[in-house]
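for reference, the sequence and a predicted model appear below.
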Amino acid sequence: MDQEVNPDLAQADAVALMPGEIALKVGDEPASSEKPAWGAVVAMMLGVTALLTAEFLPSGLLTPMAKDLGVSPGLAGQAVTATSLAGLVGALFTPRLTRSFNRKPVLLSFSILLVISNLLVALAPSITFLLAARIVLGLAIGGFWAMAAATTIRLVPPSLVARALSIVMSGIPAAMIIAVPLGSYLGEVASWRSVFLLATALGAAVFVIQALALPRLAPKGEAGLGTLVDILTRPGIGAGIFAATLVFTGHFGYFGYIRPFLEGVTGLGAAGVAATLLAFGVANYIGSFASGLMAERNLKLTLIAMPLAISVLGLLLSVYGKDVIPALVLVALWGFAFSGVPVATTTWITRMVPDETESGTGLTVASIFLGITMGAAGGGLVLDLMGAAAVFVAGAIPLLLAALLIATKVRTRAP
């Protein structure tokens, strides 16, 4: 399976209209005999699932992790902060630093880092050790996401790029379903360390599958930092990137501390927490299809509506989340609303910079990790100082600011 794949198989920029509907601007069409590497596409999807499962696990295991390590839940939540901060660095610099290397070993190295990180977290004797292990994971996630789309479009002919990207993107809701509800439940049945050992085994299995399924891909030149500056100075781009940061700040201010809220405010036990988080994941998966249609029909309205809806749902949760049924319904609606954020954000950046899709996507990924960092850090501080309900009030502020910024400053059509 180590055959070379033509680096010009899909040399044009992909303009994402929705996960399953991508428009391509193709220079040279490959020969009709070119065969899609579906096994490699599935291997990429499994990489997304394994990496994001590891990233999301602390959200469902926060309480037992904090208790075992002898720290507050807010401090334990900085496991998310450490991961996202390292992810920002990985997203910005990995493609540039590895531009002369064959892409297969680079991608495999991310799975190796995933296995190492999960194993170290499972064995962590202290919060400091755990945070260091999560930095390793962040570098892997950031690097992988910066290369994922560019790699995927080289695995299939241009006519099948849409289908390939939708398969890879399906790893996101899959990870949400696996990591938080299942991780939360298993953490109570066994221990949080056992859950990370299972994640280690998952990462090892994905490494083997990728080693067998991924073809060798010749390196391609990557744009420098000057290209990122050029993109940011284009009309409306800077405002849109900042809005994306605000959206993820608010969302992960909520999401990182949902378990302490459900336990302390709603009064749910382990099974109830797992069921509620499962509702979030299932609604998120269903919403990923509807949000694609919304983004296609009216992108700007979608970009505004999603953070606005999430902020309102968070505020309602802070008021009515004491009762089980309202909490369950509001969390599920929140999962549905958030499903549109990655779709609409990716659609927007690829539409606005069709000539620099890879660099624009990398910049967006970095801004998302910055938002996750600020949301996890700020949410932990609010949790420790003011309690779980206050997290959902504070998180609504950046979400509302994002909706306002998008409505007034962000363009959805390239000039």
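Yep, that arrived.

all contacts plus neighbour counts: C-alpha atoms, from now on.
OK.

mind listing what's buried in the strand or helix carrying Leu85?
Following DSSP states H and E, one finds Leu85 within helix 78-97. By neighbour count on 16 or more other CA atoms under 10 Å, the buried set for helix 78-97 is 78-95.

and the next helix or strand past that helix?
Going down the chain from helix 78-97, the next helix or strand is helix 103-122, by DSSP H and E.

where along this structure do the strands fall?
Taking DSSP state E as the test, the strands found in the chain are 4-5, 14-18, 21-24, 216-217.

remind me what the last one packs against, helices and strands.
On a contact count with 3 or more CA pairs under 8 Å, 6 or more residues apart in numbering; DSSP states H and E, strand 216-217 meets strand 4-5, helix 103-122.

give me the below-cutoff pLDDT ranges for the chain.
Low-confidence segments of the chain, defined by pLDDT under 70: 1-33, 162, 220-225, 292, 357-358, 415.

and the longest helix for it?
In the chain, with assignment by DSSP state H, the single longest helix is helix 38-69.

which parts of it are buried?
38-66.

for stretch 408-415, same thing?
410-412.

any chance of CSV for those residues, columns distance to Leu278?
Shown next, in CSV, are these (distance: CA to CA, whole Å):
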residue, distance to Leu278
Val410, 34
Arg411, 35
Thr412, 33
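
of all the residues you listed, which comes closest to Glu356?
Checking the buried residues of stretch 408-415 against Glu356 by CA to CA gives Thr412 as the nearest, at 15.9 Å.

the closest one and Ile209, how far apart?
Thr412 is 39 Å from Ile209, where distance means CA to CA, to the nearest Å.

do the same with Gly226
Using CA to CA, Gly226 is found at 37 Å from Ile209.

so for the two, which sits in the more crowded spot?
Ile209 (18 against 9; other CA atoms under 10 Å).

which ones are touching the closest residue in space to the more buried one that isn't next to it in sequence?
Nearest residue to Ile209 in three dimensions, chain neighbours excluded: Ala43, at 6.3 Å (CA to CA, 6 or more residues apart in numbering). Ala43 is in contact with 206, 209-210, 213-214, counting by CA atoms under 8 Å, 6 or more residues apart in numbering.

ok, these vs Val273, which is closest?
Val206 (28.2 Å).

so what's the residue count around that closest one?
Applying other CA under 10 Å, I find that Val206 has 26 neighbouring residues.

quick check: it touching Leu46?
Yes. The pair Val206 / Leu46 is scored as a contact, 6.4 Å apart, by CA atoms under 8 Å.

can you pull the contacts of Ala66?
Contacts of Ala66 (CA under 8 Å, 6+ apart): 72-73, 75-76.

may I ask which of those has the most neighbours?
For the contacts of Ala66, neighbours were counted using other CA under 10 Å, and Ala76 has the most, 26 neighbours in all.
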